[in-house]
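>>> just to be clear, the model below is a prediction. Sequence and coordinates:
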Amino acid sequence: MDLDGLRQALGDKAIRGELLSRHTTFGIGGPADLFVVARTLDELRACMRLAWEHQVPYFILGGGANVLVADRGVRGLVIQNACCAVECLAEDDEMWLVKAESGAEMKAVARQAISQGLAGLEWAVDVPGTVGGAVVGNAGAYGGYVSDSLRGAVVFSPADGESWSSTSELGLGYRTSIFKVPPDESGKAAGFSPVILSATFGLRREEASRLQERAAEYRLRRAESQPQGLSAGSVFKRTEQYPAGFLIENAGLKGKRIGGAVVSPKHANFIINLGTATARNVRELIELIQETVQREFKTALELEIELVGDW
Ligand SMILES: Cc1cc2nc3c(=O)[nH]c(=O)nc-3n(C[C@H](O)[C@H](O)[C@H](O)COP(=O)(O)OP(=O)(O)OC[C@H]3O[C@@H](n4cnc5c(N)ncnc54)[C@H](O)[C@@H]3O)c2cc1C
């Protein structure tokens, strides 16, 4: 791993030791060995190619809205994806194709679609994070999912180059895809995995005012049910029988606190960073929740968020 060589090749835009807490919605995360922001797809490809040439593993960070980054941070290069161009093309009278670069905010794409009278992404109107992150986790809300309207994605890796994958090839399921590694003790490290460059959605024409009404209703429901504050959204996946929050609440864990991390009193599937939480605090709270729910309800809770970096 030739970090110095990569730092030189990337030039001034590469930062050593950038704290990832500045780039995650949890406000948690230690330093990246190297950190760079890619603003165009050419830059994104070039960063990945250079990392590959210098044998420095890379990690793509979108909005940082679904990750718990270790206090020790991430070894290798963290590339923050800020490639955000979006184009809309008519397929026929009814259907439009919306092609979004993977660093575009998912909610911005949803809002643009709504304002243009294109239906199918209203559920995403307040979902934080990027299009890339949304495809990786097959994000969804209120019965809608990325997979409902995704036609496919352009994927790139330094080893295999660029190719189009249709939605059926992306393995989208409940909060998963071929890009999401199964959670294990050690978390997701940087590597040389393929990266989504852009995603194309097929959206049907509908009156913009109707879409706006639907979006407003989702927004209200979200505001009523979800807490404010630093979090990564739902920590655990729902189980076959119950929402994770129901089990956590009935295990008596609402308000449970470790260090600066607390189980939200408003929604038990949210862990909130009160401002001083470390990744270790959150991890310990996660383990306590899993152990308690297992003991009380004989049910295993699986993480929805990803543990990332050097644990
Ligand atoms: C307040 C709040 C509410 C939320 N509500 C919802 C909700 O209603 N529904 C829902 O589904 N989620 C929700 N989430 C979780 C989060 O918004 C989604 O998981 C989102 O899609 C994450 O996108 P991101 O860009 O932030 O991904 P990140 O957290 O940056 O990354 C997640 C994973 O995807 C990988 N990745 C990111 N971009 C790419 C790419 N271009 N190519 C390959 N891999 C990539 C990363 O390496 C990482 O492994 C919520 C989160 C918060 C904080």
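Cool, got the structure.

>>> what about the longest strand in this protein?
When the chain is parsed with DSSP state E, its longest strand is strand 195-205.

>>> which elements pack onto that one?
If you count contacts as 3 or more Cβ pairs under 8 Å, 6 or more residues apart in numbering; DSSP states H and E, strand 195-205 packs onto helix 41-53, strand 95-101, helix 106-115, strand 118-119, helix 131-136, helix 146-149, strand 150-157. From N, CA and C alone the C-beta is placed, and that goes for glycine too.

>>> wait, which of the ones you listed is closest to residue 300?
Among these, the nearest to residue 300 by Cβ to Cβ is helix 131-136 (22.5 Å).

>>> what comes into contact with the closest one?
Residues outside helix 131-136 that contact it (Cβ atoms under 8 Å, 6 or more residues apart in numbering) are 60, 62-63, 65-66, 81, 100-106, 109, 124, 127, 139, 146, 150, 153, 170, 172, 177, 179-180, 195-196, 198-199.

>>> buried sites along it?
131-136 (16 or more other Cβ atoms under 10 Å).

>>> where does the closest residue to residue 136 other than its chain neighbours land in three-state SS?
The spatial neighbour of residue 136 that comes closest, neighbours along the chain excluded (Cβ to Cβ, 6 or more residues apart in numbering), is residue 179 at 4.4 Å. What DSSP: H, G, I helix; E, B strand; the rest coil gives for residue 179 is coil.

>>> so which bits of the stretch 201-311 of the chain are right by the ligand?
Applying Cβ under 6 Å from any ligand atom, we find that the stretch 201-311 of the chain lies next to the ligand at 231-233, 306.

>>> so which of those belong to strands?
Reading strands off these with DSSP E, I get residue 306.

>>> quick check, nearest of the residues of the stretch 201-311 of the chain next to the ligand to the ligand?
residue 233 (2.5 Å; Cβ to the nearest ligand atom).

>>> still on that earlier bit, what about the ligand: which of the contacts of helix 131-136 touch it?
Among the contacts of helix 131-136, proximity to the ligand is found for 60, 62-63, 65-66, 81, 102, 127, 139, 179, 195-196 (Cβ under 6 Å from any ligand atom).

>>> what segments of the stretch 201-311 of the chain are helices?
208-225, 244-250, 279-297 (DSSP state H, counting those that start in this stretch).

>>> what would those helices look like in CSV with mean neighbour count and mean pLDDT?
Output for the helices of the stretch 201-311 of the chain, formatted as CSV (neighbours: other Cβ atoms under 10 Å; pLDDT from 0 to 100):
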stretch, mean neighbour count, mean pLDDT
helix 208-225, 14, 96
helix 244-250, 20, 98
helix 279-297, 18, 98
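
>>> ok, which of these comes nearest residue 76?
helix 279-297 (17.4 Å).

>>> show me what that closest one is packed up against.
Against helix 279-297 (3+ Cβ pairs under 8 Å, 6+ apart) you get strand 67-69, helix 244-250, strand 257-258, strand 261-263, strand 271-273.

>>> pull the contacting residues for the closest residue to residue 238 other than its chain neighbours.
Distances taken as Cβ to Cβ, 6+ apart put residue 244 closest to residue 238, at 5.6 Å, once the chain neighbours are dropped. Listed by Cβ under 8 Å, 6+ apart, the contact partners of residue 244 are 234-238, 268-269, 293, 301.

>>> stretch 150-168: which residues count as buried?
Neighbour counts over stretch 150-168 (16+ other Cβ under 10 Å) mark 150-158, 167 as buried.

>>> CSV for these, including pLDDT and distance to residue 49?
As requested, those are arranged in CSV below (pLDDT from 0 to 100; distance: Cβ to Cβ, whole Å):
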residue, pLDDT, distance to residue 49
150, 98, 27
151, 98, 27
152, 98, 23
153, 98, 19
154, 98, 16
155, 98, 15
156, 98, 9
157, 96, 10
158, 95, 5
167, 98, 27
